[in-house]
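In: Fold the following for me, if possible:
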Amino acid sequence: MLMLHPISLRYSSIHCTWTSSSHEMLRPYILKPLIFPKNSGLILGISRIRSIGCASRISSAGIMVSPVSTAATTQQQSVSTQDGSSEKIAAPKPPQVAKRLEKFKTTIFTQMSSLAIKHGAINLGQGFPNFDGPDFVKEAAIQAIRDGNNQYARGYGVPDLNSAVAHRFKKDSGLTVDPEKEVTVTSGCTEAIAATILGLINPGDEVIVFAPFYDSYEATLSMAGANIKCVTLKPPNFAVPIDELKSLVTKNTRAILMNTPHNPTGKMFTRQELDEIASLCIENDVLVFSDEVYDKLAFEMDHISIASLPGMYERTVTLNSLGKTFSLTGWKIGWAIAPPHLTWGVRQAHSYLTFATSTPMQYAAAAALRAPDSYYEELRRDYNSKKNILVEGLKSVGFTVYPSSGTYFVVVDHTKFGMENDVAFCEYLIKEVGVVAIPTSVFYLNPEEGKNLVRFTFCKDEGTLISAVERMKEKLLKK
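Out: I've put the predicted structure just below:
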């Protein structure tokens, strides 16, 4: 009998294809027999490959492949084999998720972006630019790769980036922070939020959020076992109802999670509102987690970090990132700034979430943060121009458009067009008009509060914004 050398067989990669809607696996590939030349002294037949993990038996008839045993299942389906017979294989099991995440579905951004691709719609939904970031930042990343900065970075950030973050924060807020003890680099601001919540919130702690809110807030707070309380910001100006906020603070309140400039409304918290929040936190020994990723996109007033107010730095974690300011959202470089006693918890969680962040991109981020003030001034001018195109266009279509003082989002009331809620309107807008917006009900604890509102983004080139407006003018009719 001929013995087969273990390296004489090479299998090509086996791919399993999944459908996005049902997660049903398509039928396995049936591989045809491989016939070796006669002078090899071997005819090799492969009957079937059923599993990536398999045990094989070699016989004179060829190779028989059988699956490694797996957990028993009650559902089976038939698959035809090469000789025409059928064989039972286990059907895929339904998706499983921990109870703390059962209520959360696929993110609305994924759903709407998928529909946009399917229907060829212009995507004014998800907040990523359709243009690239500045060349000097990309070149810095390339140079860092060429210089060999490609292994794990220090867990809380490469020293160059920590220093650049501290320097930028001092310039913006007037606060001097220790880059080694008070700055933690993370994989985007979303991870900075997660590390802050998981590192500083205990099960049962009360955390107050302002609705509408970025959807990761609720999911991460749920993972931490927090008791979420909510203050709703209402149109037209989305002002903070201070008395309502005060009524929610109890002895169990651990933190207030806020976002300014505010996604999705474009609201910026005023100095008076920030002073009221600060006084409330100091009086009740409450922490503040302040998401400030849109701080450089402030159009109608100066951005104020709540950490810069008297008595607030010692109880604030300031969260920020590179992506929005430099149109590099795919790099996922973020950071958290906090006093040492709060940084400890943030870093503990960060260590077991991602441990470290992309090394060459950190060096490039350091170069980005050292950009001259003229870069930020031009950025605001450019986005303000884009905002004006979209806002005026939406008004001409017939939307009620609410003021946006910051971010690259604008919220509108869609009810003039006769749809029962925001989700129905957004689906109609994609399928029949060819434009994507985001239904805001996903940003509320009570979806009913957001059913009349949808969010558009203007982080697109001017041609795209104009085309989207023209589609809506042509196809969207008021009822």
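In: Surely D178 and A166 touch.
Out: Yes: between D178 and A166 there is a contact under C-beta atoms under 8 Å: 7.2 Å. In this view, the C-beta of every residue, glycine as well, is placed from N, C-alpha and C.
In: So the two - more neighbours on which side?
Out: A166 (21 against 12; other C-beta atoms under 10 Å).
In: in what helix or strand does the more buried one lie?
Out: A166 belongs to helix 159-173 when assigned by DSSP states H and E.
In: Can you name every helix or strand that the very next helix or strand once past that helix contacts?
Out: For helix 159-173, the following helix or strand on the C-terminal side (DSSP H and E) is strand 183-186. Contacts defined by 3 or more C-beta pairs under 8 Å, 6 or more residues apart in numbering; DSSP states H and E place strand 183-186 against helix 159-173, helix 188-200, strand 334-337, helix 340-353.
In: Would you mind finding the most buried of the ones you listed?
Out: A comparison of these by mean neighbour count, using mean count of other C-beta atoms under 10 Å, puts strand 334-337 on top with a mean of 28.
In: pLDDT (mean, whole number) over that strand?
Out: Across strand 334-337, pLDDT averages out at 98.
In: quick revisit: so which residues make contact with the helix holding A166?
Out: 156-157, 175-180, 182-183, 185, 295, 303, 305, 307-308, 318, 320, 333, 335, 337, 362-363, 365-366, 369-370 (C-beta atoms under 8 Å, 6 or more residues apart in numbering).
In: From those, list the buried ones, please.
Out: 156-157, 175, 177, 179, 182-183, 185, 295, 303, 305, 307-308, 318, 320, 333, 335, 337, 362-363, 365-366, 369 (16 or more other C-beta atoms under 10 Å).
In: low-confidence ranges in this protein?
Out: 1-88, 479 (pLDDT under 70).
In: how about 90 then?
Out: 1-95, 99-117, 126, 477-479 (pLDDT under 90).
In: Now do the contacts for the residue positioned nearest the centre of it.
Out: In the chain, the residue lying closest to the centroid (C-alpha atoms, centre = their mean) is T190, at 6.4 Å. Taking C-beta under 8 Å, 6+ apart as the contact definition, T190 lies against 216, 334.
In: how close does it sit to V442?
Out: 16 Å (C-beta to C-beta, to the nearest Å).
In: Going by contacts, tell me the helices and strands next to the host helix or strand of E470.
Out: E470 is part of helix 462-475, with elements assigned from DSSP H and E. Other elements packing on helix 462-475 under the criterion 3+ C-beta pairs under 8 Å, 6+ apart are strand 122-123, helix 373-397, strand 435-436.
In: so which of those is the most packed in?
Out: strand 435-436 (a mean of 25).
In: Next secondary structure after that one?
Out: strand 438-439.
In: Would you mind getting the angle between the helix holding A166 and helix 373-397?
Out: When axes from the mean of the first three to the mean of the last three C-alpha atoms, to 10 degrees is applied, the directions of helix 159-173 and helix 373-397 differ by 60 degrees.
In: show me where the chain has helices.
Out: 108-119, 135-146, 159-173, 188-200, 216-224, 242-248, 271-284, 323-326, 340-353, 359-369, 373-397, 422-428, 462-475 (DSSP state H).
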